[in-house]
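Undergrad: Quick check, what structure comes out for this input:
(2 chains)
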There are 2 protein chains.
Amino acid sequence: MTFTGHLGFTGAPLDRADNLRRDEAAIQALRMDPTARFLILEELKPLMAEGGKDLYWARRSEVPRGTTIFLGLTPEGDPRFAVDGKADDDIPGTATDARVAGTVLGDARAAIVAQARSMLDWHRRHGFCANCGAPTEIQKAGYSRLCGGCGAEHFPRVDPVVIMLAEREGKALVGRGPRFPAGFFSALAGFVEPGESLEEAVARELFEEAGVRAHGVRLGASQPWPFPSSLMMGAFAAADSFDLKLDESEISEARWVTRDEVRAALNGQADWNAPPPLAIAHWLLATWAGVEG
Amino acid sequence: MTFTGHLGFTGAPLDRADNLRRDEAAIQALRMDPTARFLILEELKPLMAEGGKDLYWARRSEVPRGTTIFLGLTPEGDPRFAVDGKADDDIPGTATDARVAGTVLGDARAAIVAQARSMLDWHRRHGFCANCGAPTEIQKAGYSRLCGGCGAEHFPRVDPVVIMLAEREGKALVGRGPRFPAGFFSALAGFVEPGESLEEAVARELFEEAGVRAHGVRLGASQPWPFPSSLMMGAFAAADSFDLKLDESEISEARWVTRDEVRAALNGQADWNAPPPLAIAHWLLATWAGVEG
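TA: Have a look, this model is predicted:
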C-alpha cells in the first residue's frame, strides 16, 4: 500500500494511563495539578484557540461545571481532561465543529478531539441503566457508568463499521447515498452486526447495498470516527462481477471507476467529488489508486 | 498466512435479508411460513438435537413465548428465527453452552449460534432507554429497540476487541490472565476505546498489559465472539524489545515463545496449553507458527 498520508483522527498523542482510572484520589490530584489542562466541548464542539489553528486548552480556573473525563497524560506527564460545558464568554476559544477541527488540525491532535467527543457524547445519552431504567453515575474517570439500581456497569460504546472498495479488472466501486452532497461519491460502508466477522460484514454490505458478490476481503487500516463513536475498518474485496442491483434506500447511484478516474477525483479534476483526507474512504481510494500520500 | 482452519463462529450460512426487517407484515408471514424454523435458547444456551451434533430447529408449534429475532433465510429461502425461552420438556433438544455448541458444530452453523446468542443477550439487558430511563420495545425484527418515552432508537451493540501477537526475532509474546485455567497461555487482548484506531489499540494494550512498545501492526482476520457480543480483531505487531513489565491485574505471567514451542503447544506437547481452535488466538498462533490448517 502506497498512500501514507495522515489518517484523520489517528495518532493518539496522549498516554491514556488506564491504570489510574480506578484510583479516584490520583485522578483528583491530576485535576488539581498546575499542569492540568482541559478541553472544553460546547454541545460536543471543541474549543479552538484564537486563529483557529490549535485546540484551546483551558486552565482549571476557566473550566465550567459539567461531565469531565480523563483523556490521559502528555509525554511530559501533564494531565489532560475533557469537559462537557459552556465556556465563559471571556475565554478566548471558539466552539468548532469536530469535523472542521479534525480537518484544520490535520494531525495527531485530532485524535484528542475524537476521544473527547465520543466519550462526552456517550455520557450525554447514557444517564440511565438500559438494564433496569434507574439513573447511572459516572465513575472510573469517565470510562464507566454504574447503575444505582441493579448495580450493572456500563462501558462506552464503540461501533465497528466496515468501509470497502470492491474491485474488479482495474475498476473500483464507489457509490452515493441519497443524502450525500451533489456529485459526491465514496466507498460503500455499513455497521458490523452481532455474530459476524468483519470479512462477512464486508461481503454482506456489498451484496445488500449494491448486489455485488465479493470474496478475498483484505483489511487495510482503521480510523475512529467520532460521530458519535464509530470505528471505521477500511477493506478491499474482489467483486465477482460488474453487475449492480442497488438498494436505493442506501445507495442512489454507483459506478465503477478506474485508477485514473480516482486520481482525477482526488485532485478535484473529475465530474465527481471524492471524500476529503479526513475520512478513511480517502485513504482507501488513494491507496488503491497508488497515490503518494 | 498459512493456517486455513475454520475460524470459530464464522461462515454465516444465512442471508440476513435486512431489507425485510422494517416490513412487519413480511416478517410475520415468514414466522407463519411452514418452512420456518426456530432456534430456542434457554438462558442463552442453544438447543442441540439428540446426539448433540447439530442444532435443534423447532417448528412454530414447539416454540415457547419469548423475545424472537429474525436470523435470516437459508439458501433455499426458508426463514430462521431465534427465541429466548424455555422449551417444553417433551422437545428432544438439550440446552447447551454456546462455547460447547460452537466447538461441536465446528463449522458455519456456529455462526448462527453467535448471532442468536449476542442478539438475545442484548435484548435481555436493554429493556430500558439509556437516554431517559423509560421502557423500550423491540422492533425491526429484533434489530432495534424504540423508546416509548423520548423516542430514541437503540441498536444492538458490537464491542471491537484487539487480540494480538507481539513478535521479535522469531519469538511471540503469550500471556495468562489471573483467572485463566492452570497452564493456559494466549494472545494478549483488550477492548478498543472510543477515539482510537485498531492499530493504536493494539499498541496501547501491549504497553499497558506487558510494557511492550510495538509498531508495524498488521491486521490478520476477525471473528465474532458472542460472550456477550465482541468482535475479535486478530493482529500482529513488531515488538521493540523483549523487556516485559506486567500489569498484574491483567497479566499474571507472560513469556516469549518460539515457533517450535507454539507448534508443540498446539499439538498438546508443551508445558503450556494454547487456546482451542474455536478462538481466534488459535488462528493467530497457528498462522504465526506456519501450521497447516
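Undergrad: in the stretch 151-293 of chain A, which spans are helices?
TA: For the stretch 151-293 of chain A, the helices defined by DSSP state H, counting those that start in this stretch cover A:198-210, A:259-266, A:280-289.
Undergrad: Of all those helices, which one comes closest to residue A:89?
TA: helix A:280-289 (37.2 Å; C-beta to C-beta). In this view, the C-beta of every residue, glycine as well, is placed from N, C-alpha and C.
Undergrad: so that closest one versus helix A:259-266, what angle?
TA: Interaxial angle, helix A:280-289 versus helix A:259-266 (axes from the mean of the first three to the mean of the last three C-alpha atoms, to 10 degrees): 140 degrees.
Undergrad: Is there proximity between helix A:280-289 and chain B?
TA: No - using C-beta under 8 Å from any C-beta of the partner chain, helix A:280-289 stays clear of chain B, with a minimum separation of 9.2 Å.
Undergrad: In PDB, list the C-alpha atoms belonging to that helix.
TA: Taking C-alpha atoms only, helix A:280-289 is exported to PDB below (Å, rounded to 0.1, in the frame of the first residue of the first chain):
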ATOM      1  CA  ILE A 280     -10.600   6.700   5.600                       C
ATOM      2  CA  ALA A 281     -12.500   6.500   2.300                       C
ATOM      3  CA  HIS A 282      -9.900   8.900   1.000                       C
ATOM      4  CA  TRP A 283      -7.200   6.600   2.200                       C
ATOM      5  CA  LEU A 284      -8.900   3.600   0.600                       C
ATOM      6  CA  LEU A 285      -9.200   5.400  -2.800                       C
ATOM      7  CA  ALA A 286      -5.700   6.900  -2.600                       C
ATOM      8  CA  THR A 287      -4.200   3.600  -1.600                       C
ATOM      9  CA  TRP A 288      -6.000   1.700  -4.300                       C
ATOM     10  CA  ALA A 289      -5.000   4.300  -7.000                       C
END
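Undergrad: What about residue A:211, how many residues nearby?
TA: 15 (other C-beta atoms under 10 Å in any protein chain shown).
Undergrad: Just put the helices of the stretch 151-293 of chain A in TSV and tack on mean pLDDT.
TA: Shown next, in TSV, are the helices of the stretch 151-293 of chain A (pLDDT from 0 to 100):
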stretch	mean pLDDT
helix A:198-210	97
helix A:259-266	97
helix A:280-289	96
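Undergrad: Out of these, which gets nearest to residue B:250?
TA: Once those are compared by C-beta to C-beta, helix A:198-210 is nearest, at 25.0 Å.
Undergrad: Which secondary structure state is assigned to residue A:8?
TA: Three-state assignment for residue A:8 (DSSP: H, G, I helix; E, B strand; the rest coil): coil.
Undergrad: right, and it touches residue A:102 too?
TA: Yes - applying C-beta atoms under 8 Å, one finds residue A:8 in contact with residue A:102, separated by 5.5 Å.
Undergrad: Name the residues contacting each of the two.
TA: Shared contacts of residue A:8 and residue A:102, defined by C-beta atoms under 8 Å, 6 or more residues apart in numbering or on different chains, are found at A:110, A:278.
Undergrad: re earlier: can you add mean neighbour count and distance to residue A:56 and give the helices of the stretch 151-293 of chain A back as CSV?
TA: CSV is the format used below for the helices of the stretch 151-293 of chain A (neighbours: other C-beta atoms under 10 Å in any protein chain shown; distance: least, C-beta to C-beta, whole Å):
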stretch, mean neighbour count, distance to residue A:56
helix A:198-210, 23, 37
helix A:259-266, 19, 32
helix A:280-289, 24, 27
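Undergrad: possible to save those as CSV with distance to residue B:243?
TA: Converted to CSV, those look like this (distance: least, C-beta to C-beta, whole Å):
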stretch, distance to residue B:243
helix A:198-210, 32
helix A:259-266, 43
helix A:280-289, 33
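Undergrad: Ok, which of the ones you listed comes nearest residue B:77?
TA: helix A:198-210 (15.3 Å).
Undergrad: any chance you could map the strands in the stretch 51-200 of chain A?
TA: A:57-58, A:68-73, A:79-84, A:93-95, A:136-139, A:144-147, A:153-154, A:159-168, A:171-176, A:188-191 (DSSP state E, counting those that start in this stretch).
Undergrad: Tell me which of the ones you listed sits nearest to residue A:47.
TA: Closest of the strands of the stretch 51-200 of chain A to residue A:47 is strand A:93-95, at 3.3 Å (criterion: C-beta to C-beta).
Undergrad: what lines up beside that closest one in the sheet?
TA: Taking DSSP bridges as the criterion, strand A:93-95 forms sheet pairs with strand A:45-49 (antiparallel).
Undergrad: Would you mind pulling the contact partners of the strand it pairs with?
TA: A:39-41, A:54-56, A:58, A:87, A:91-98, A:101, A:104, A:113, A:116-117.
Undergrad: Of those, which belong to helices?
TA: A:98, A:101, A:104, A:113, A:116, A:117 (DSSP state H).
Undergrad: In JSON lines: the residues you listed, plus neighbour count, pLDDT and distance to residue A:189.
TA: Converted to JSON lines, the ones in helices among the contacts of strand A:45-49 look like this (neighbours: other C-beta atoms under 10 Å in any protein chain shown; pLDDT from 0 to 100; distance: C-beta to C-beta, whole Å):
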{"residue": "A:98", "neighbour count": "21", "pLDDT": "97", "distance to residue A:189": "19"}
{"residue": "A:101", "neighbour count": "25", "pLDDT": "97", "distance to residue A:189": "22"}
{"residue": "A:104", "neighbour count": "16", "pLDDT": "95", "distance to residue A:189": "24"}
{"residue": "A:113", "neighbour count": "29", "pLDDT": "98", "distance to residue A:189": "21"}
{"residue": "A:116", "neighbour count": "28", "pLDDT": "98", "distance to residue A:189": "24"}
{"residue": "A:117", "neighbour count": "28", "pLDDT": "98", "distance to residue A:189": "20"}
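Undergrad: and chain B, which of the residues you listed reach it?
TA: For chain B, the contacts drawn from these by C-beta under 8 Å from any C-beta are A:116, A:117.
Undergrad: biggest separation within the ones in helices among the contacts of strand A:45-49, which pair?
TA: A:104 and A:116 (15.6 Å).
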